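Undergrad: Sequence and predicted structure below; questions after.
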Amino acid sequence: MNKLVIASNNAGKLREFSHMLQPLGIEVVTQSQLGITEAEEPHVTFIENALAKARHASRLSGLPALADDSGICVEALGGAPGVYSARYAGDNPKSDGRNNEKLLRDMQGVTDRRAHYYCVLVLVRHADDPQPVIAEGEWHGEIAHEERGEGGFGYDPMFWLPQLNKMSSELTHEEKHAISHRGQAMKVLLQHLKVA
Ligand SMILES: O=c1nc[nH]c2c1ncn2[C@H]1C[C@H](O)[C@@H](COP(=O)(O)OP(=O)(O)OP(=O)(O)O)O1
Ligand SMILES: [Mg+2]
């Protein structure tokens, strides 16, 4: 497998994937470069949505496809926004800024700030691959009281890492990949594929 399509339209994820995959000599194209539209994400679990995205991109491209379904799960909110992280403040249009504002509002006066990012990666070699490669990662931190930092994407300006005394938006790409939910999942995926 030397070429694959990334089944995502999220610019932040695409940047992280190109950083992670380019050094391995795997040629990647994005689904939008191939004119493939976004798949529906109707499911209540990350894994089902990731499989749907990977199958969709693989079916329409004829290439192996890698999908990522991820989100932030806040303990005090019973795991919300979770699977619905991308559309927490509505999906017309999806907006990281409005999602972050809503999360800050919903966390007003809440003292238990614990949260974790979750990521599942699914790689299908073809659309009906009966043995998709699946890898997960989790990254624990806290929801900050205000936004800060310019790096990363999504909820990173409010994901506080007490051990590092930093927001995830204040990490370099390399620092984030070494510990993030996506970085951990990618490490496991590559072990399965025996390319790293
Ligand atoms: O490292 C991260 N740093 C910050 N935020 C993150 C991260 N990882 C996931 N997230 C947030 C972004 C989005 O609100 C949701 C993913 O939603 P998710 O449906 O998987 O992605 P998406 O709709 O943005 O793009 P796509 O489905 O085309 O891959 O979790
Ligand atoms: Mg999505």
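TA: Great, that's in hand. Ligands and ions are numbered 1, 2, ... in the order given.
Undergrad: residues near the residue in the chain positioned nearest to ligand 1, how many?
TA: The chain approaches ligand 1 most closely through G154 (2.3 Å), counting by CB to the nearest ligand atom. Backbone N, C-alpha and C define where each C-beta goes, glycine included. A count of nearby residues for G154, using other CB atoms under 10 Å, gives 21.
Undergrad: Which residue, other than its chain neighbours, is closest to it?
TA: In space, and not counting its chain neighbours, G154 is closest to D96: 5.3 Å by CB to CB, 6 or more residues apart in numbering.
Undergrad: do the same with F17
TA: Going by CB to CB, 6+ apart, F17 has I6 as its nearest residue, at 5.5 Å.
Undergrad: So in terms of bridging, what pairs with that neighbour?
TA: Note on I6: beta-bridge partners by DSSP bridges are T30, L66.
Undergrad: Surely it and S32 touch.
TA: No: in this structure, I6 is not within contact of S32 by CB atoms under 8 Å, at 9.4 Å.
Undergrad: just to revisit the earlier point, show the contacting residues for the residue of the chain closest to ligand 1.
TA: Listed by CB atoms under 8 Å, 6 or more residues apart in numbering, the contact partners of G154 are 10, 12, 72, 85, 96, 99.
Undergrad: Now do the strands in this structure.
TA: Secondary structure of the chain (DSSP state E): strands at 3-6, 27-30, 65-74, 114-124, 133-143, 159-161, 166-167.
Undergrad: Could I get those strands in a markdown table, plus columns for mean pLDDT?
TA: Supplementary listing: the strands of the chain in a markdown table, determined by pLDDT from 0 to 100:
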| stretch | mean pLDDT |
| --- | --- |
| strand 3-6 | 95 |
| strand 27-30 | 94 |
| strand 65-74 | 98 |
| strand 114-124 | 99 |
| strand 133-143 | 98 |
| strand 159-161 | 98 |
| strand 166-167 | 98 |
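Undergrad: Would you point to the one among the ones you listed that's packed deepest?
TA: Sort those by mean neighbour count, taking mean count of other CB atoms under 10 Å, and strand 65-74 sits at the top with a mean of 25.
Undergrad: can that one be found next to ligand 1?
TA: Yes: contact of strand 65-74 with ligand 1 (CB under 6 Å from any ligand atom) involves 68-72.
Undergrad: what's the burial count for A11?
TA: By other CB under 10 Å, neighbour count at A11 equals 11.
Undergrad: what pLDDT does it get?
TA: As summarised for this prediction, A11 has a pLDDT of 97.
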